[in-house]
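Colleague: pasting the structure only:
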């Protein structure tokens, strides 16, 4: 919590803004003079605050986005049908199908800051190269066989891997197999759109390097724990580790639960392990606008209920359990995606061991000093 | 320019996105199967990227906000009429009339991130105390007699002063004179709304301290050049100098132009002096989301043409000249306000010595590493 | 306290290291074989730890420097005699007479990190220009009439002013009056010597600018509270404010004591005001190796007893009182200088209102994460 | 180069300070009055600058430490003889034999800031626990079988491993085998002594945990590339990775040379790979005062000649070649140690593939902004 000295006690009815119901002494009788005033305001492109305070300010964050779930079992067949009907190529650029939060008026956005999609690449297909200011990552819940080529560096994509294409890096994808592959993409597209910061350039129609190494050059140079190349000592805005392999994530989570069992502090809370993907040049988030984490819950674990300023998306990687957001309880399974809007309370319940990938706009919220967290049972 | 390795050459037609005109190989013949696919997408709250890439991504920032001017001579009489017709008080909170950018569909916002308004307080009136996450400042283009009370500290408001009420500080205003006073407010309301970060609390109906000191406690403790109180050595998110007085701003600008005349580097460019209001605890911007600057142009000076990622608002403080934004040329005078959307080229021309206050969302853009600048004639 | 998780309770006998008295199981009988081993060590330029642990490590810092006082009434006449006998000029460079801590074996150093001296410039004399890596400042306890020229910028020196010549800036001094002037210099000479970091270059034999402005260019550009020139937005290692004028220091201290009297938190402790001179580009210390502060005690105030890692020097600016260091109690008056070695307890007692200038190596200690503080009565 | 705007051209005769030979106009005829003045200075513990400027300031760094080599073939037998003659235990604490630079007047220091030693632990021996402010590391050039227990966490020591015991962590060692083991220790003891910052406490006489895991808890939690535990998100002064294993170092160096061979930028210079051990919480050095690196030269490679402010120690890990410092050329082999004092030019020549460990005081020099580097052939 950066700029705030108290924690608001969350209200019970999150979508009713009490500021709208306050007696407003500034809503005087509607005289003709007042009506004329408001007409003159409009003519001059002016707008009074006092008639709409409750609209522009709320007692707590009340997102238009709503808590929602998308099922992998629904997404994948639709993606496959796209594979049959829509060629991938220049202009449309990507066979990506975005989660459109029902609260956001049909806009193709998971939350006000996050674009999330399932992307699908058929056998032997290539998605052409381009670059944009928007930061992007991919996370692979199943499958393999695609290489994403980031500024000329081919990066293999396999189940459990977390892969970066930070802003303004050229990138394309190619499938080197005879089977299709699908994964999820996360980008800061709606944030970039709202802030008017986006640049875009086309690259080559084919990827620049069709080789298929197991390990990318980015990893060979950077994915060595605590070791920085002497040729790369400056702090970098985005993590130069463009591929975070499942092998390491799994090992880190396993170690945390083992250490906890051995009696040493290592987990977030009892039975709940977690890692944050980080930038080795400064210890910060992988990109300036997106945070990514991986969580593992021991079978039977139930987390505390938390509220956080900022929005996030969860994807189940393995296991079964429940994700609770506000008054919704969703039974979830591999690949299912759940959106948590800002300040909505959430908790996790693990029926089996439960592995989850999470991404959020937390770096935005923290860099702008709007962060607050409320953990039930830990009120001060 | 943080994350980008090249500077895009600006296009000539800023509001036509070439990405929309590219031949799209992913727009296949509209078969029945395809229509059914799109229907099924909609039913599942999904949205294909390939049909709307040009809508969510653009070659350069193409803001919905448009360049626009508001005239002080229009604003002030409308504010005065509000003073006659609308009482100030709890519920509406402030007699503030916001600049509503014609491009932003009637929303009361100057730009996608900035709320800007003229606020008006009649003789002996009080605007009640409240606090909110949104960061706010006031700038006084004329008049005096109001004190804004920030967390209990009464701060006098006078022509040329720049005054802070950072997020979550209680604040109210009271007019201690028999004449009305008007000034401008700047807040990050639309940013906070988009990010879903806003909290709000009412305070007392009257201000907590009606005393009228010339100098606030914040200034007595903090407005001493290069001197920090030993009781305040930590870095603070927001500047603890809550009042930046005209006397110092004027002195700093005068010195820059004199130094330039004496042959020493001191100005931004020939004939163009400028200061940034800063946080003495870390040298950064006064608040996490808003930058404020003051510019002075020697008579006859014309600035280079610049494009910047991020939006800003100018207010003429003194003198006459022209503000040019894209293909608009506005003759401006004291109090006039001009909005510059992201990436629109702008320049200033001083008919007389020209003093201008400017505020922008630059800290947001820079903290998120989206900053780019293009200065005509300085292409690399 | 950066790297340490506990606060050592200070021992009563600061100059006896208990580590030397511990029974050492590694001091075996002096056999011939052992003597031969030690001889062979020496021949190979090797040295066993186990015979000298107590010499190289101590339970708490036990400085060779001792607490000491130098009286202004002794220093000034000696400096004046130097003025008669020794010309100022190239080769010796400065008529500066250094405080030589009696504990430091005749080395001309106040503490292991700090060189402090009285400098004396006769009527119409010039001290030639040079530059060095070592950081330097001047503080003026009385008099005026000398300008120090820092990288070509003439800076007037007057009672109460604190003036910087950061490392590698050319500087010389000239006295424009018919009376002599004396002041104190502080440098990091012994630190630079120990670290082997010093570079030195001669400049012109005369200063490059003999003009005598009241206000330097550095001040005109930078000594405006909270205002940064748009031409100087990068963080700088050293403060660009090269002159901190007494007028502002006095005003800041006065305000703190007044605010305390009015019931607001502003002072270090009851009756004890203080400011730190700071770098406006980042809020940090004025230079990378030296901290400077000014303290004012209300008449009758006695501070808490403190121990700090790192050494400091106090100079009385005005008033009378006592400075207590370890078991020494010195009655002090205007101009007197007192050295506090690392970890020695100190306190101040004000007979009248007592104004003191202080400088220290605290930035070194903190940047290297060796800082600890112990305040009597505030043990946790 | 932080504070300096030019690079001095190194002089040819590094140990002759031209400042001592300048005609000194401040060395007047030795009159009786002058002698009396100097006598009176001494009586008052004062020391004139003008008679000793060349002693306290030099044109470039001229370290008292000299370039020197210690041979592993000399060190190891002497350490073994100590093992026979001197028991390890409380009081002497460690069977460590320090490199005593011949230039440093018999003090047991490799350079003015660095203590370096060979430490030797016999079969089944234990070195008791203690802690101190001084930062320490171990590097293993050969052997295994000892565990160092850092704040209760047993850390295996094996050839090629780099191991941390940052300041104020309790630590002891125990040998679990029937053979002795030797390694090198590096500490900031002389820096801490000079700065008067050292605290010391005895711990238990035996280590607190005699278990012998292959992997320490620190590694399990932290040595995962780019992954931070959610329970450890704050920046830490010292790296929490207490063991940097040879496996990763070797892999990183191998990758750099391979990438270079494949045509991608990865090395420091042609044929010269290198990594810096870093703190994953902020990307900085492993400890606040000591930098550690590992270098690998392809057979036949000769590095550029470099001068750097600050001192360093090299140890050959594998291969054969030459280390050149100033006018010394040493043929070196496994385990040999070479000291490079501040600003002495050095270069490496690889007869075979040459692997070298290096440590230095560079974090001290950089944090205090005294850093300068001169690379022959890259003058600007």
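Modeller: Okay, I see it. Predicted, not measured: the structure shown is a model, and the values here were computed from it.

Colleague: Surely residue A:157 is in contact with residue A:146?
Modeller: Yes. Residue A:157 is within contact range of residue A:146, at 4.7 Å (criterion: CB atoms under 8 Å). No exception for glycine: its C-beta is placed from N, CA and C like everyone else's.

Colleague: Looking at the two, which has the bigger crowd around it?
Modeller: residue A:146 (27 against 22; other CB atoms under 10 Å in any protein chain shown).

Colleague: Can you tell me the element the more buried one falls in?
Modeller: strand A:144-150 (DSSP states H and E).

Colleague: After the top helix by length along chain A, which helix or strand is next?
Modeller: With secondary structure taken from DSSP state H, chain A has its longest helix at helix A:246-262. Using DSSP H and E, the next helix or strand after helix A:246-262 towards the C-terminus is strand A:272-277.

Colleague: name the helices or strands packed onto that following strand?
Modeller: helix A:246-262, strand A:291-297, strand D:227-229 (3 or more CB pairs under 8 Å, 6 or more residues apart in numbering or on different chains; DSSP states H and E).

Colleague: Can you get me a residue count around the residue of the stretch 101-250 of chain A found nearest chain C?
Modeller: Nearest to chain C in the stretch 101-250 of chain A, going by CB to the nearest CB, is residue A:235, at a distance of 13.5 Å. If you count neighbours by other CB under 10 Å, residue A:235 ends up with 12.

Colleague: now swap in residue A:27 and tell me
Modeller: 14.

Colleague: Could you do residue A:264 as well?
Modeller: 15.

Colleague: any idea of the pLDDT on it?
Modeller: pLDDT, residue A:264: 97.

Colleague: what's near enough to touch the residue nearest to it when sequence neighbours are not counted?
Modeller: Excluding the flanking residues, the one nearest residue A:264 by CB to CB, 6 or more residues apart in numbering or on different chains is residue D:217, at 5.9 Å. Shown in contact with residue D:217 (CB atoms under 8 Å, 6 or more residues apart in numbering or on different chains): A:259, A:264, A:266, D:153.

Colleague: If we only consider the residues you listed, which is nearest to residue C:110?
Modeller: residue D:153 (42.5 Å; CB to CB).

Colleague: Can you classify residue A:35 as helix, strand or coil?
Modeller: helix (DSSP: H, G, I helix; E, B strand; the rest coil).

Colleague: Which pair of the contacts of residue D:217 spans the longest distance?
Modeller: A:266 and D:153 (12.0 Å).

Colleague: any idea whether residue A:80 is helix, strand or coil?
Modeller: helix.

Colleague: worst-scoring helix or strand of chain A, pLDDT-wise?
Modeller: helix A:53-56 (a mean of 91; mean pLDDT, DSSP states H and E).

Colleague: Residue A:132 contacts residue A:166, doesn't it?
Modeller: No. The criterion here is CB under 8 Å, and residue A:132 misses it with residue A:166 at 10.6 Å.

Colleague: ok, the two, which is more surrounded?
Modeller: Higher neighbour count among residue A:132 and residue A:166: residue A:166, with 28 against 24, using other CB under 10 Å.

Colleague: I figured the more buried one was touching residue A:238, is that so?
Modeller: Yes. Between residue A:166 and residue A:238 there is a contact at 3.5 Å, judged by CB under 8 Å.

Colleague: separation between residue A:106 and chain B?
Modeller: Distance, residue A:106 to chain B, using CB to the nearest CB, to the nearest Å: 8 Å.

Colleague: are any of the contacts of residue D:217 buried, and which?
Modeller: A:259, A:266, D:153 (16 or more other CB atoms under 10 Å in any protein chain shown).

Colleague: For the residue lying closest to the second one once chain neighbours are set aside, give me its contacts.
Modeller: Read that as residue A:266. Closest residue to residue A:266 apart from its sequence neighbours, by CB to CB, 6+ apart: residue A:259 at 3.7 Å. By CB under 8 Å, 6+ apart, the residues touching residue A:259 are A:265, A:266, A:267, D:217, D:220, D:221.

Colleague: Do stretch A:342-349 and chain D come into contact?
Modeller: No. For stretch A:342-349, no contact with chain D is found by CB under 8 Å from any CB of the partner chain; the gap never falls below 13.3 Å.

Colleague: Enumerate the positions of that stretch that are buried.
Modeller: A:342, A:343, A:344, A:345, A:346, A:348, A:349.

Colleague: ranges for the helices of chain A?
Modeller: A:32-43, A:53-56, A:72-85, A:189-195, A:217-222, A:246-262, A:362-367.

Colleague: I am finished for the moment; much appreciated.
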